[in-house]
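>>> What shape does this take:
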Amino acid sequence: MSDLTRLRTLAWGVALATAAALTGASPAWAAAPANDDISQATVVPGLPFTDTVDTREATFDPSTDNAACGAATVWYRWIASADDFVRFDTVGSDYQASLAVYTGEPSDLSLLECNDGSFGLPAEIARQVEAGVTYFIAAGTCCGGGEAGQVGPGGNLVFRVQQTVPPVTDFAVAVDSGVVSRGVVTVQGTVTCDQPATSFVEVTVRQRRGQRSAEGVGSGLIECGPAPTAWTFVLESSTGIRFRPGDAAYDAIGSAYGHGGGFTNTSMIDQPLRLRPGG
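Okay, the predicted model is just below:
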């Protein structure tokens, strides 16, 4: 190679590097992440587990990736050591990531669940796992087209796996009594949840008074668990008609948010309530 050719080659290299730096483009020779392919999935050795990886050059492989659950993926493999409830998430990532959890073999995967972290929230999957089962987890880019060879855009992924408590599946609100004093009703009841949770309860009491009615609403956040937790709301009528002892009706609605994620709702509409006189 002549000196002139060497100088021209060097000049082209500098020009390309400068253009990439100015435009933010990745050089054409940038490497995909080490766990870009399922055959090179990063092993999760135990819990809790956290991994960070630059996924900007991750690719989409239609033979393993599910386009509906994100494109340009990186892969993790984990064998559950015990029956447990775990959470996979992308909290701390700087882009809109997605997650998909599979069982089976790399050549014959069975999708269990996927989450794309909609509305700007991190992707998160909380689920029951079985001892001895191998789980493959794909962390991808939300809402990509899923075309073969598609790259990125990706970003700095933070992938975490940790034990958590099961979500709330059994949640109940009970309205036990209503007492009227000076036109104001005090309503009492309990909430129960099958797992530790924070619940929101709203109770509306209505009482007909001829062609008009008294109506009041009370609400609050209540920590709940398997043992009943008592609550009390003091309701003033918002209609200008005061409550009095006698027959009434109530609506009760509630949501319980588990400390490990997930929530459930309950409602009771137009239930009878006898308002007793108070002091």
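
>>> What about Val161, how many residues nearby?
Applying other CB atoms under 10 Å, we find 22 residues neighbouring Val161. Quick note: C-beta positions are derived from backbone N, CA and C, even for glycine.

>>> Equivalent analysis for Arg208, please.
For Arg208, the count of nearby residues is 14 (other CB under 10 Å).

>>> what's the answer for Gln163, then?
Gln163: 13 neighbours (other CB under 10 Å).

>>> ditto for Val191
Using other CB under 10 Å, the number of residues around Val191 comes to 24.

>>> In the protein, where is pLDDT below threshold?
By pLDDT under 70, the weakly predicted segments of the chain are 1-30, 118-119, 144-150, 152, 260-262.

>>> can you map out the helices along it?
Under the criterion DSSP state H, the chain contains helices at 3-23.

>>> so Leu221 makes contact with Val191?
No: at 10.5 Å, Leu221 does not count as touching Val191 under the criterion of CB atoms under 8 Å.

>>> tell me, what's touching those two both at once?
Common contacts of Leu221 and Val191, defined by CB atoms under 8 Å, 6 or more residues apart in numbering, comprise Ser199.

>>> what about Asp116, distance to Ser110?
19 Å (CB to CB, to the nearest Å).

>>> So those two - more neighbours on which side?
Just comparing Asp116 and Ser110: by other CB under 10 Å the higher neighbour count belongs to Asp116, 19 against 10.

>>> residue contacts, the closest residue to Glu124 other than its chain neighbours?
Nearest non-adjacent residue to Glu124, counting by CB to CB, 6 or more residues apart in numbering: Asp89, 4.3 Å away. If a contact means CB under 8 Å, 6+ apart, then Asp89 has Leu99, Pro122, Ala123, Glu124, Ile125, Phe159, Arg160 as its contacts.

>>> which residues touch the fourth one?
With contacts defined as CB under 8 Å, 6+ apart, Glu124 is in contact with Arg87, Phe88, Asp89, Thr90, Val91, Leu99, Asn115, Gly117, Gly261.

>>> Next up, the contacts around the fourth one.
It stands for Thr90. Thr90 neighbours (CB under 8 Å, 6+ apart): Ala97, Leu99, Gly117, Pro122, Ala123, Glu124, Ala139, Leu157, Val158, Phe159, Arg160.

>>> Skipping adjacent residues, who's closest to it in space?
Spatial nearest neighbour of Thr90, chain neighbours left out: Ala97 (4.0 Å); criterion: CB to CB, 6+ apart.

>>> Look up how far Gly120 lies from that neighbour.
11 Å.

>>> Tell me which of those two has more neighbours.
Neighbours around Ala97 and Gly120, counted as other CB under 10 Å, are more numerous at Ala97. The numbers are 28 against 7.

>>> Name whatever forms a beta bridge with the more buried one.
Listed beta-bridge partners, Ala97: Thr141 (assigned using DSSP bridges).

>>> Pull the contacting residues for it.
Contacts of Ala97 by CB under 8 Å, 6+ apart are Gly70, Thr90, Gly117, Pro122, Ala123, Ala139, Gly140, Thr141, Cys142, Gly155, Leu157.

>>> Of those, select the buried ones using a ChimeraX command.
Buried subset of these, written as a ChimeraX selection, criterion 16 or more other CB atoms under 10 Å:
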select :70,90,117,122,123,139,140,141,142,155,157
